[in-house]
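Asks: Take this sequence and fold it.
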Amino acid sequence: MKIADLYRVFQQSDGVSKDSRSTAGRIYFALRGERFDGNDFALSALEQGASAVVVAADSGVAQQAEVASFVEAGKVFVAEDPLKTLQDLARYHRSRFRIPVIALTGTNGKTTTKELVRAALSAKYRVTATQGNLNNHIGVPLTLLEINSDTEIAIVEMGASAPKEIALLASIALPTFGLITNVGTAHILGFGSFEGVQQAKGELYDYLQRTADLAFVNVANPHLQEMARMRPDLRVQPYSLDLAGARVAPITWDQPFLRLSFEDGSELSTKLVGHYNADNVMAALAVADYFGVPRQQARAAVAAYEPANNRSQLLKTDKNLLIVDAYNANPSSMAAALESFGRIESPNKGVILGDMRELGVVSETEHRKVMERVAGMDLKAAWFVGELFGHLNQTWSNPAIPVRFFANVEALKQHLKEATTQQMTWLIKGSNGIGLQQIIQDL
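Replies: Here you go, the predicted model:
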């Protein structure tokens, strides 16, 4: 099959889908996973109104005699690999647009930064951006296929858990600009080492250096500075708090959100929790400034942005103040969250921390570091959830802080039925798989 033939069908369709239950007017791609085979639902997708389906050549449906008529009618496309065909279609579609495409990756803050950049640029441009965190080898093509004639700038978030993944995503998205939020020890299981993380995230810089396009670089981050310096032909647009003449205002009980003050006396108040979000804000303002968004409009858009999906949210309940960052956790984001939490001036603070997943051989060391950091803080309580923290329960070193270990979130929820927590400021952070978002209603 030829991508150009499939593209003609795409142009007459309502888009694409990988879910056979929502294919009316769309091209259905029969993708395979560990526990499912999308080819099994291809004919059902046609019955439900799919404009066409793309199936694998080695699938049972492709071998059926009656499918031949669908192939001739342009309703069924047979591909060696439907996923690669989806990626090829996305690349083909993206190549037809002469617009700025900003690729964004990093260990922490990808989605928050993407949303801030989207908000700031939307003050002047029509923007197409990654929905949620659909940032992998499937999500990136789906984002690119959402670009249309109205799109003036596209923002494509890219995630990776192994080497060469960013390189692949860049080869599909063909970005003209790039931004790495930071690099840290996440997904060590896939990268092997911190240097492996740097090399993998740096694949975006490698791509931009080859194409002579531009990278936005936080020059206050020594790792990003080094990565840019190692690529002497990389075109760089620097940004940082210092370059913008900005500083983070003090965080207090009654002013817990991130606020930035500037040398000209102006101030930017956000709805973000954590001083570590200052770099994400500065990234958005730097991108907006480069593309000519009026400064006050960009700041107003950033100020209006409210995080969701348990990303650095501040929630006030009838009993407590909750800082919820339970979508993801790795050593660098955990350290940043604890440092920021330590700056909040509140008399009754506690932490509820869940295991950090996918750390491989450094898992025990990194969980121990978290416990040591917590033991040195001024807290009224420290609760740890998960087997990895539980394995270290005998190493707790500060008897002045009441500590509890829970095997899982269900055990914690049972404890909360009996415990009374009033007038506390809680930091809730852990890997998404731990499920700490389930306890919000109990606090």
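
Asks: Is V374 part of a helix or strand, or is it coil?
Replies: On the three-state scheme (DSSP: H, G, I helix; E, B strand; the rest coil), V374 is labelled helix.

Asks: pretty sure it contacts L338?
Replies: Yes. Assessed by C-beta atoms under 8 Å, V374 is found in contact with L338 at 6.7 Å. To be clear about C-beta, it is placed using only N, CA and C from the backbone, and glycine gets the same treatment.

Asks: who's more crowded, these two?
Replies: A side-by-side neighbour count of V374 and L338, using other C-beta atoms under 10 Å, places V374 first with 23 against 18.

Asks: For the closest residue to the more buried one other than its chain neighbours, the count of nearby residues, please.
Replies: The shortest distance from V374 to any non-neighbouring residue, by C-beta to C-beta, 6 or more residues apart in numbering, is to A382 (5.2 Å). A382 sits with 22 neighbouring residues when counted by other C-beta under 10 Å.

Asks: State the helix or strand in which A382 lies.
Replies: Element membership for A382, per DSSP states H and E: strand 381-385.

Asks: doesn't A400 make contact with the residue nearest to V374?
Replies: No. Proximity of A382 to A400 does not meet the contact threshold set by C-beta under 8 Å, at 10.6 Å.

Asks: one step back: report the strands that pair with the strand holding A382, each with its relative direction.
Replies: strand 349-354 (parallel), strand 403-406 (parallel) (DSSP bridges).

Asks: buried sites along whatever helix or strand comes next after the shortest one?
Replies: Moving toward the C-terminus from strand 403-406, the first helix or strand encountered (DSSP H and E) is helix 409-418. Neighbour-count burial for helix 409-418, with 16 or more other C-beta atoms under 10 Å as criterion, is recorded at 409, 412, 416.

Asks: Summarise which helices and strands helix 409-418 is packed against.
Replies: The elements that helix 409-418 packs onto, with contact taken as 3 or more C-beta pairs under 8 Å, 6 or more residues apart in numbering; DSSP states H and E, are strand 381-385, strand 403-406.

Asks: what's the distance between that helix and the middle of its chain?
Replies: Chain-centre distance of helix 409-418: 29 Å, with C-alpha atoms, centre = their mean, to the nearest Å.

Asks: Report the backbone C-alpha coordinates of that helix in CSV.
Replies: The C-alpha coordinates for helix 409-418 follow below in CSV (Å, rounded to 0.1, in the frame of the first residue of the first chain):
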residue,chain,number,x,y,z
VAL,A,409,-3.1,2.6,49.4
GLU,A,410,-5.9,0.3,50.6
ALA,A,411,-4.2,0.0,54.0
LEU,A,412,-3.7,3.7,54.1
LYS,A,413,-7.4,4.3,53.3
GLN,A,414,-8.4,1.9,56.2
HIS,A,415,-6.1,3.9,58.5
LEU,A,416,-7.8,7.2,57.5
LYS,A,417,-11.1,5.8,58.5
GLU,A,418,-9.9,5.6,62.1
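
Asks: What lies in contact with that helix?
Replies: For helix 409-418, contacts defined as C-beta atoms under 8 Å, 6 or more residues apart in numbering pick out 352, 354, 383, 385, 404, 406, 434-436, 438-439, 442-443.

Asks: out of the helices and strands packed on helix 409-418, deepest packed?
Replies: strand 381-385 (a mean of 22; mean count of other C-beta atoms under 10 Å).

Asks: And stretch 315-324, end to end?
Replies: Criterion C-alpha to C-alpha, to the nearest Å; first-to-last residue distance in stretch 315-324 is 7 Å.

Asks: rewinding a little: and the residue nearest to V374, what does it touch?
Replies: A382 touches 350-351, 353, 374-375, 401-404, counting by C-beta under 8 Å, 6+ apart.

Asks: quick one: which of the residues you listed is nearest G245?
Replies: Nearest to G245 among the contacts of A382, counting by C-beta to C-beta, is V351 at 33.6 Å.

Asks: how about the strands of the stretch 301-443 of the chain, start to end?
Replies: 313-316, 321-325, 349-354, 381-385, 403-406, 425-429 (DSSP state E, counting those that start in this stretch).

Asks: Buried residues of stretch 384-397, list them for me.
Replies: So stretch 384-397, judged by 16+ other C-beta under 10 Å, has buried residues 384-386, 388-390, 396.

Asks: Can you list the low-confidence ranges for the stretch 101-250 of the chain?
Replies: Filtered on pLDDT under 70, the stretch 101-250 of the chain yields the residue ranges 184-194.

Asks: Tell me how many other residues crowd V287.
Replies: 27.

Asks: again but with Q198, I slipped
Replies: By other C-beta under 10 Å, 19 other residues sit near Q198.

Asks: How about the contacts made by it?
Replies: If you count contacts by C-beta under 8 Å, 6+ apart, then Q198 has 183, 223, 227 around it.

Asks: Please apply the same query to Y276.
Replies: Y276 touches 108-109, 333, 336-337, 339-340, counting by C-beta under 8 Å, 6+ apart.

Asks: still on that earlier bit, distance of the residue nearest to V374 relative to G435?
Replies: Distance of A382 to G435, given as C-beta to C-beta, to the nearest Å: 19 Å.

Asks: Would you agree L315 is in contact with A326?
Replies: No. Counting by C-beta under 8 Å, L315 stays clear of A326, with 11.2 Å between them.

Asks: For the two, indicate the residue with more neighbours.
Replies: A326 (27 against 15).

Asks: residues contacting that one?
Replies: When contacts are counted by C-beta under 8 Å, 6+ apart, A326 touches 310, 354, 428-430, 432, 434, 436-437.

Asks: give me that answer again for 6 Å
Replies: By C-beta atoms under 6 Å, 6 or more residues apart in numbering, the residues touching A326 are 310, 428, 430, 436-437.

Asks: Phi and psi next, for it.
Replies: phi -100, psi 10 (degrees, to the nearest 10).

Asks: V273 now?
Replies: Dihedral angles of V273 (phi, psi; degrees, to the nearest 10) stand at phi -110, psi 130.

Asks: which stretches of the stretch 301-443 of the chain have low pLDDT?
Replies: 309-312.

Asks: cutoff 80 now
Replies: The model of the stretch 301-443 of the chain has pLDDT under 80 over residues 308-313, 326-328, 345, 358, 419-420.

Asks: Endpoints of stretch 365-384, how far apart?
Replies: Stretch 365-384: ends 16 Å apart by C-alpha to C-alpha.

Asks: ditto for stretch 413-433
Replies: 16 Å.

Asks: Same question for stretch 289-308.
Replies: End to end - C-alpha to C-alpha - stretch 289-308 spans 25 Å.

Asks: For that stretch, buried residues please.
Replies: 289, 291, 293, 298-299, 301-303, 305, 307.
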